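Colleague: Just need the structure, nothing else, for what follows:
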Amino acid sequence: MRSRTSPLAGILGFLLLSAQAAPAYASPSFMGLGDLDGGTNGSFASAVSADGSVVVGVGTSASGLEPFRWTQAGGMLGLGKLAPGDSDVTATGVSSDGSVVVGRSGNQAYPGSRRSRSLRAGCC
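Modeller: Modelled structure (predicted):
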């Protein structure tokens, strides 16, 4: 005579195995990034590297709006402008490992003046 197992027992067994194999995730958290030297307190993050170690965006420095790259070790580092007088500047993206930042720089008064650039960490 064969023993009969309840379908409910199979489901419970699957749920127990699944619960034990579920990965643990860190709780989300918020961290202020600081600001650029000489500017007002304000910045906008536009991209984050895959592991969260690098954040890029735009902040206010002594020379006005300026794109930045942030790391926990180095803080917020201004990336400069491509031309004097550029007012429409931002870092718009970052590679998955954080080593390359892309962005734009231009003058709002001259719409055709937009320039794009990529920067490699530790260079330029």
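Colleague: use CA for all of it now, contacts and neighbours both
Modeller: OK.
Colleague: Would you state the helices of this protein in chain order?
Modeller: Secondary structure of the chain (DSSP state H): helices at 7-21.
Colleague: Would you mind pulling the contact partners of stretch 51-61?
Modeller: Under the criterion C-alpha atoms under 8 Å, 6 or more residues apart in numbering, residues 35-49, 65-72, 78, 89-94, 96-98, 101 lie in contact with stretch 51-61.
Colleague: any weak-confidence spans in the chain?
Modeller: Along the chain, the model assigns pLDDT under 70 to residues 1-25, 108-124.
Colleague: switch to 50 and redo it
Modeller: 12-21, 123-124 (pLDDT under 50).
Colleague: could you pull out the strands for it?
Modeller: Taking DSSP state E as the test, the strands found in the chain are 43-48, 54-61, 64-71, 75-78, 88-94, 100-107, 110-120.
Colleague: Who does the second one pair with, and is each partner parallel or antiparallel?
Modeller: If I follow you right, that is strand 54-61. strand 43-48 (antiparallel), strand 64-71 (antiparallel) (DSSP bridges).
Colleague: Return the most buried member of the ones you listed.
Modeller: strand 64-71 (a mean of 23; mean count of other C-alpha atoms under 10 Å).
Colleague: could I get that one in CSV with only the CA atoms?
Modeller: What follows is strand 64-71, C-alpha atoms only, in CSV (Å, rounded to 0.1, in the frame of the first residue of the first chain):
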residue,chain,number,x,y,z
GLY,A,64,28.4,78.6,-10.6
LEU,A,65,26.9,75.3,-11.7
GLU,A,66,29.6,72.6,-12.0
PRO,A,67,29.4,68.8,-12.6
PHE,A,68,30.7,66.6,-9.8
ARG,A,69,31.9,63.1,-9.1
TRP,A,70,31.4,61.8,-5.5
THR,A,71,33.0,58.9,-3.6
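Colleague: what's the angle between it and strand 100-107?
Modeller: 180 degrees (axes from the mean of the first three to the mean of the last three C-alpha atoms, to 10 degrees).
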